[in-house]
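**Student:** sharing a sequence plus its predicted fold:
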Amino acid sequence: MESAGGDSAGDSARDITGDKDSRIVGVDTKNLIAQMLLQLSHEGFKRKYRVQLDSNMVRALSFLERPTIRKMVVKLDLSKSAVGRKVKAGELRPHTNDVKPLLTAANKYYLLPDEEEPYRSCKSKRFITKVMFMSDVCRPYFGEDGDVIFDGKIDIFPFTTKVSAQRKSKNRPKGTLETKPIPSVNKAVMRDCLIQKIIPTIKAKWSDNISNDIFIQQDNTRPHIMHNDAEFQSVANTDGFKFHIICQPANSPDCNVLDLGFFIAIQSIQDGKLARGVDDLLGNVQSSFEELSAQTLNKVFLTLQACLTEILKVEGGNGYKTPHINKDRLPRLGIYFHTHWRLKNMLSRLQWHTSNRQKMMLAHHMTSQVSVEL
């Protein structure tokens, strides 16, 4: 019995040793597994349903509508990651024109692999038509549920005039009225625009539930009129309105909501529209002004509020960085339309300090403010 038991124990030990040996993976097997894992990692995740790029939609886009992936995704109704993968896969190729490639972003766009590169000629920049605009906006007003009560966009006015053609050409006969930019925007032109266009438009578009005590803020350029201008004072207190003119603080560009972000927002829309003349340019700027949402304008005013706070922290100086306050997150927190960041109260209590040889201004009781920019 003891002998039999000893043999049984020995067999069990040998079986365990054999199982252990059988579980050992050879070197060749390890290398094969490593190669398979490496191949899978290079291939990456394979999507079951791949997004297809409609080449006809891409060809229908003008080159002004596809300088960046961000602009293309709006027209193609795709995500930025999807278009980025198409560029990486070679279905779209970035192209940079050889004519002054680093000067402007207009020389950069995306093409299909079989698209021919467009012909681009270099024209003299001395004869490019330039048109000046006068824009006036104020803080938008929203209801408790986020509905727009007043969008804050008054209007945008071009400094142009109608001139009859002196000579005939292949484009129009002699005497045709053409839109030409005003060559010199002086104080008389500014006064006429303010009195004949801006103030009547404000009165027509102003909401009934907003104070009629209005401050028009302008920059410090020489063509702007003074606050005590006689012709302005004659129409400043009419029809129940009371208008005041103030100038933005010197050396403080962030105190102007138009330069702070409104003009950039309009430019981003207008860049994607083709203009072959002054009339086309005026139409593109006007349509871009109308397409800009009240929410975008309100975001610029929120940035203005943050800049005013930073200016107070540095005692009136401009040695600060524009803060980022996650404006897109505010509606989800329920504070975007309700608090208005107390901008009006901030402006009524704001006292500018004298710092770094900057002479600031003192603003009192500013219940409503319209920003006007040339």
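**Tutor:** Received, thanks.

**Student:** show me what counts as buried in stretch 188-205.
**Tutor:** Across stretch 188-205, burial judged by 16 or more other C-beta atoms under 10 Å covers 189, 190, 191, 193, 194, 195, 198, 199, 202, 203. (Each C-beta comes from the backbone N, C-alpha and C, glycine too.)

**Student:** also stretch 269-279?
**Tutor:** Across stretch 269-279, burial judged by 16+ other C-beta under 10 Å covers 269, 270, 271, 272, 273, 278.

**Student:** residue ranges for the helices of the chain, please.
**Tutor:** Along the chain, the stretches classed as helices by DSSP state H are 2-23, 27-43, 55-60, 69-76, 80-89, 187-193, 199-205, 230-236, 257, 263-270, 278-291, 294-313, 330-333, 343-349.

**Student:** and the third one, what does it pack against?
**Tutor:** Pointing back at helix 55-60 there. Applying 3 or more C-beta pairs under 8 Å, 6 or more residues apart in numbering; DSSP states H and E, we find helix 55-60 packed against helix 69-76.

**Student:** which residues sit against the helix it packs on?
**Tutor:** 53-54, 57-58, 61, 65-66, 78-80, 82-84, 87, 110, 272 (C-beta atoms under 8 Å, 6 or more residues apart in numbering).

**Student:** now it: average pLDDT?
**Tutor:** Mean pLDDT, computed over helix 69-76, is 85.

**Student:** quick one on the thing from earlier: among the contacts of helix 69-76, who's most crowded?
**Tutor:** residue 83 (23 neighbours; other C-beta atoms under 10 Å).

**Student:** show me the shaky parts of the stretch 51-200 of the chain.
**Tutor:** 98-107, 120-125, 127 (pLDDT under 70).

**Student:** for the buried residues of stretch 269-279, which one is nearest residue 297?
**Tutor:** Among those, residue 269 lies closest to residue 297 (C-beta to C-beta), at 12.8 Å.

**Student:** the closest one contacts residue 293, correct?
**Tutor:** No. Judged on C-beta atoms under 8 Å, residue 269 makes no contact with residue 293 at a distance of 10.5 Å.

**Student:** thought residue 154 was touching residue 203?
**Tutor:** No. The pair residue 154 and residue 203 fails to qualify as a contact (C-beta under 8 Å) at a distance of 10.2 Å.

**Student:** how's this protein carved up into domains?
**Tutor:** Residue ranges for the structural domains of the chain, counted by automatic domain parsing, are given in the record as 55-111, 133-373.

**Student:** the ones you listed: which one's closest to residue 31?
**Tutor:** Residue 31 lies closest, by C-beta to C-beta, to one member of the domains of the chain: domain 55-111, at 30.8 Å.
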